[in-house]
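Asker: Here is my input; please provide its structure:
(chains A, B and C)
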Amino acid sequence: MAVASSRTTQVRASHRTHHREAWRRIRRHWQLYLVLLLPLIYLAIFRYWPMYGVQIAFRDFTPVEGITGSPWIGLVHFERFFNSYQFWDLLRNTLGISVYSLLAGFPIPIILAIAINEARRYYFKKAVQMVTYAPHFISTVVMVGIILQFLDPRIGLINKAIAELGGAPANFIARPDLFQSIYVWSGVWQGMGYASIIYIAALSSIDPQLEEAAIIDGASRLQKILYIDLPGIMPTAIILLILNVGQIMNVGFEKIYLMQNPLNLTTSEVISTYVYKVGLLRAQYSFAAAVGLFNSVIDLVLLVTVNQIARKIGDTSLW
Amino acid sequence: MKLSRGDRVFMAFNYAFLILVLLIVAYPLIYILSSSFSSPRAVVAGRVWLWPVEFSLRGYEAVFKNAQVGTGYWNSIIYTVVGTAINVVMTILAAWPLSRKDLYGRNWLMGFFTFTMLFSGGLIATYLVVQGLGMVDKRAAMVIPNALSIWNMIVCRTYFQTTIPDELVEAAELDGCSDIRTIWHVVLPLSTPIIAVISLFYAVGHWNSYFQALIYLTSADLYPLQIVLRNILVLHQFDATMIMDVEEIMMREGMKDLLQYSLIVVASAPVLALYPFAQKYFVRGIMIGSLKG
Amino acid sequence: MSSVKKQLTRRQLLRGAVGLASGAVLAACAQPTAAPQPAQAPAAPAPGATAVPTKAAAPAAAGACGVTAPGTFPVAKDEVTLSIFMIQSPLVKDMPTNELTLWYEEKTNVHIEWQMVPQQGLAEKRNLVLASGQYPDIFMGAGIPNEDLFLYGQQGVLIPLNDLVDKQLVHAKALFAENQFLRDAITAPDGKIYALGHDSQCFHCTMGQRLWINQKWLDKVGMKMPTTTDEFYAVLQAFKTKDPNGNGKADEIPLMGATDSNGPEIIGNLMNAFTYYDRAHREVFTNGKIDVPYNKPDFRDGIAWLAKLYAEKLIDPTALTMQAADLRKLGEKEDAQVLGAVASFYPGSFQSLAGERHKDYAIVPPLKGPKGVQLHAWWPYTAVTGEFAITKSCKCPEVAIRWIDWFFSMEGGLRSRIGREGQEWRKAEPGEKGLDGRPALWIKLTPINEQQNYFWGQVNIPQQFIHSTQSACDDVFAACGLEKRLYDATKQLEPFKPKEVVPPLWIPKEDLSKYAQTATDLRQYVDQTMARFISGELKVDAEWDNYIKQLDRIGLKDYLAIMQKAYDAKYKKS
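Answerer: Numbering: from 1, shown residues only, chains lettered A, B, ... in the order given. Presented below is the predicted three-dimensional model:
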């Protein structure tokens, strides 16, 4: 590069270089931008254009007046939500369930995928995949019905087993301390097969030559898993982790609602069920929108944070 | 290749683990299947444990007797096939450029896409946009507003980043391939696993979708299967005060409970059958031959 | 099937066409006098058909909305098209081709464009339609809540129906005149009626919280039907210890209930021996002011009593977590009958009506508490409102209101709910009795079972005449006698109803958000805390004061103030 005498010239020069570099890259890959055009148009029309609807959270919305016609009330809905006597409980329960789900539900599909990958018998592998994939399709109503029946003090399998062993049956669903565990582990049961699919696919695209080389070098299967397979799917795992953190406030409503009863409400009432109940009395679009916006902001903060951490630690991150 | 002792132990544990998983998962599935083939009374009284009790096809009868089930299946197939095709194309179109490290503005673009996963304009605004485009109560409403899932796109992008070696892309470029040709000749052939996976995810999403149809469709002949099935469920709400004789009570009591199970089987059988086809593509050794030469 | 967009265009075209046609008539007739004087129609020697619409000042539609005399058919003089947004009954195959639809279209000379909405998405769809600004002419059976009716009425989206009802209707008008509850229920605080409704006339529904007891067991342990809380306590103890089902195991459940709906909920059923409490409608009057019972000492006594029962396992531990749908599993247990007393809407909730066990259960008349309180929850406002509303998009409101009138008659109600005379029902013979012992008016012939296409289904059409006049048999344990069984049971509860209850209120828009949130918070907190008191997790004596304080913190006072304001606005005037 040309010798620069003063700092400003240096800076200006580097800016110029930077711009030239940028244009060079853009021109070189102009086709990629073309390719991106269609998805971008889709985003613009179906995701960004409707975003004007976010202002519902700041208005006293009625369908008839429309979004822009409804009166502006600023932060009233937010205040009302924050001042609810349940607010901190809701937040605590929602985050508690989410983090628990993440901790429990994250490693298991990976373990399952690796186990399936290691199995040798073809039909057994296929069978396990098929069977574990099926629970994803069980409707929430039936799923909760099964859970409740399973845990029933009189006719449930668990209590029957306890009775056989001489213990006293317990009403598990009544216990606030158990609610989150029941919710999370039943969720793991239902979702692990479906979630493992992506890892199975990732595993299948690891270069088999690497694996052969490792085995020739004398690595045990366990070592192979630790040093070849896991690193191979680590980028996928990290990205999924980041994405899941970005959804942390979105604890679904239907399953929890069906599992609630007056005795476990202290831990089972989450933001989504609360908003639903308030909305039952009247379609409270504004209130729901305000709470949704609050959730999104928290999600965003956490997402950015985790992404930054991922960047510092490794080289896989969303951006 | 001979397995070492340590490896044999490991394999034993592995199989034990998988068998355990199989049993844990399979039992409730069998329960659902058995319940769907039992009589309504048995289901409601909670008498089904492993095998069907009072074997009956009443649950399935109630479903298939409904004239709209056929249309429902047909519509769902259309939405799933067309929708998934659109989805896969859109996903790849977005994922590939975003996977290229030297794409200028990549981080901003990623942010642009990711932002929409967190923030949305809400049901009403989105509906008004769709309505403004004239798509309400048309099949298009089932496949266009949901043309791209950012989540799936990111998963696809990750796959591209980790599995398609940069050397390969560079080699293609040197050979004179433009970006678009690279996609066609290099990326796609190597991406069968991920295409299979996201196709599966999208297809399942379409097949199970209910809310979308509920909001955008009003004509009954456009309804997908899920809506038809829920209508059947509602139809069988048991209201004792409207029934006149015991026989009828015997017939109708518990139908709704029974139907919950039959509906799951009816609705998910096609998709479950789809899985083995997708499975075929999770085949090892795709990378062999691509690097050589 | 027409899409929303298509049918709008079609409707506009149709109206345009009709407008043109009548315009041509007007012009043709007005020619002899003075052609360029459009508004002076009355002076022109035009035939009477076009006399009505001129006062409506709707330009293109003038002359298109001629209605015939009230109570006569056809309804419209020239064919009119109305668009109707309606909940889809799962019993109906296809509304546009439905036999009743086609027959009625001919009869009334009104063509209908149906916008059918499945039950699940009803509220969303309704709100989306309202937000889109493209309103249908009529909302029928769309489940519009009172607050929305009021709001939309005041915003001008729904037109007031008072005049239309008075001037145009025959059947509905008579109904509203004779049933003051109904007229009250459909009138908004500003005195206008924005939607028609009907009275379900379900007598036993007015006292839906009921307690049933196993009469067979009572006989077995040699005790009489309990009349006081102490006697009830003794009965429960006997059930628990004396093995009335005779199988040698102490597996009897003395008292059971469920928690996810109001009917089977235990507190609501037993609290009325201490103080009045209706779980579904919790507000009461204290000295003429709106108040709640659940922060009063009498309520506390009731909770303490229930906690005692729970501690002694007389109330089953699962009663506080049981889902109503699972009660059946207990009732139908094959090895033994285990249910003693059950809080429930009717025995069919926990026993199969096709079996034998349900016959063992008899209604428990209200118990008298330690202080002599003996009441039962009563809710007479069984009117269903928001059934039929006309929007401002409707160019022919007179036609619309006339169109619905026939369905308020017995003939129309039966035709639309049950079916054709002679096929699905027939007139009753003299001697056949109805529920209340009076002569029945009609008998159902075939079960309503499957999807069909000859009537409109069980929802959204006025339900008059159905319950009270349907014939019933004397054998209350037979299926046909179920209504009678419930009727008789409720008769025993009737003497204990309170003098007055807080009527349904219409909360104005400015209070609605606060009301919705506070109501939810209160309801949740009360249910949760009561359950914890009863289960013993919280001790009543120690925690009651904290509970009261928390109620105030949640906003009980403001909540009551909002309701008082709404009550005064609607009822204090009249």
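Asker: A:A113 and B:G6, how far apart?
Answerer: Here A:A113 is placed at a distance of 22 Å from B:G6 (CB to CB, to the nearest Å). In short, each C-beta sits where N, CA and C put it, glycine included.
Asker: So for these two, which sits in the more crowded spot?
Answerer: Taking other CB atoms under 10 Å in any protein chain shown, A:A113 and B:G6 do not tie; A:A113 has more neighbours (25 against 12).
Asker: ok, the more buried one touching A:S196?
Answerer: Yes. When contacts are counted by CB atoms under 8 Å, A:A113 is listed as touching A:S196 (4.3 Å).
Asker: residue boundaries of the strands in the stretch 201-350 of chain C?
Answerer: Listed in chain order, the strands of the stretch 201-350 of chain C (DSSP state E, counting those that start in this stretch) span C:211-214, C:253-256, C:284-286, C:289-291, C:339-343.
Asker: most neighbours per residue, which of those strands?
Answerer: Looking across the strands of the stretch 201-350 of chain C with neighbours counted as mean count of other CB atoms under 10 Å in any protein chain shown, the highest average goes to strand C:339-343: a mean of 27.
Asker: Is it positioned near chain A?
Answerer: No. Contact of strand C:339-343 with chain A (CB under 8 Å from any CB of the partner chain) is absent, the minimum separation being 11.8 Å.
Asker: Pull up the pairing partners for that strand, direction included.
Answerer: If you go by DSSP bridges, strand C:339-343 pairs up with strand C:211-214 (antiparallel), strand C:253-256 (parallel).
Asker: What is the subsequent helix or strand relative to that strand?
Answerer: As assigned by DSSP states H and E, the chain's next helix or strand after strand C:339-343 is strand C:361-363.
Asker: following that following strand, which helix or strand comes up?
Answerer: Sequence-wise, the next helix or strand downstream of strand C:361-363 (DSSP H and E) is strand C:383-390.
Asker: how far does that following strand sit from the chain's center?
Answerer: Here strand C:383-390 is found 10 Å from its chain centre; the criterion is CA atoms, centre = their mean, to the nearest Å.
Asker: Arrange the strands paired with strand C:339-343 in CSV, one row each, with distance to C:V67 and mean pLDDT as further columns.
Answerer: Shown next, in CSV, are the strands paired with strand C:339-343 (distance: least, CB to CB, whole Å; pLDDT from 0 to 100):
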stretch, distance to C:V67, mean pLDDT
strand C:211-214, 52, 92
strand C:253-256, 57, 92
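Asker: element containing the spatially most central residue of chain B, please.
Answerer: Closest residue to the average C-alpha location of chain B: B:V204 at 1.0 Å, with CA atoms, centre = their mean. Using DSSP H and E, B:V204 sits in helix B:192-208.
Asker: State the next helix or strand along the chain beyond that helix.
Answerer: The helix or strand immediately downstream of helix B:192-208 is helix B:211-216, counting by DSSP H and E.
Asker: which helices and strands does that next one pack with?
Answerer: The criterion is 3 or more CB pairs under 8 Å, 6 or more residues apart in numbering or on different chains; DSSP states H and E, and the helices and strands that helix B:211-216 contacts are helix B:123-132, helix B:140-143, helix B:225-235, helix C:122-132.
Asker: Show me the shaky parts of chain C.
Answerer: Applying pLDDT under 70 to chain C flags residues C:1-64, C:200-201, C:263, C:431, C:433-440, C:444-451, C:457-475, C:478-480, C:573-574.
Asker: Following the record's annotation, map out the domains of it.
Answerer: According to automatic domain parsing, chain C comprises the domains C:1-64, C:66-199+C:379-419, C:209-378+C:501-572.
Asker: Give me the spatial nearest neighbour of the residue nearest the centre of chain A, chain neighbours excluded.
Answerer: What sits nearest the mean C-alpha location of chain A, by CA atoms, centre = their mean, is A:N244, with 2.7 Å. Using CB to CB, 6 or more residues apart in numbering or on different chains and skipping residues adjacent in sequence, the residue nearest A:N244 is A:L102, 5.7 Å away.
Asker: just checking, the one you found touches A:V245?
Answerer: Yes. Taking contacts as CB under 8 Å, A:L102 lies within contact range of A:V245: 7.2 Å.
Asker: The two: who's more crowded?
Answerer: A:V245 (20 against 16).
Asker: what about the nearest residue to the more buried one once chain neighbours are set aside, how many neighbours?
Answerer: Spatial nearest neighbour of A:V245, excluding adjacent residues (CB to CB, 6+ apart): A:V306 at 4.6 Å. Counted with other CB under 10 Å, residues neighbouring A:V306 total 20.
Asker: Next, the angle helix C:122-132 makes with the host helix or strand of A:V306.
Answerer: For A:V306, the host element (DSSP H and E) is helix A:285-313. Per axes from the mean of the first three to the mean of the last three CA atoms, to 10 degrees, the angle that helix A:285-313 makes with helix C:122-132 is 100 degrees.
Asker: who touches the residue nearest to A:V245 in this structure?
Answerer: Contact analysis of A:V306 by CB atoms under 8 Å, 6 or more residues apart in numbering or on different chains lists A:241-242, A:245-246.
Asker: Bridging across strands, which residues link to C:V117?
Answerer: C:I87.
Asker: go on, C:R426?
Answerer: Counting by DSSP bridges, C:R426 is bridged to C:I443.
Asker: how far away is it from chain A?
Answerer: Per CB to the nearest CB, to the nearest Å, C:R426 is found 40 Å from chain A.
Asker: Hmm, C:L441 and that residue touching each other?
Answerer: No. The criterion here is CB under 8 Å, and C:R426 misses it with C:L441 at 10.6 Å.
Asker: So which of those two has more stuff around it?
Answerer: Taking other CB under 10 Å, C:R426 and C:L441 do not tie; C:L441 has more neighbours (18 against 12).
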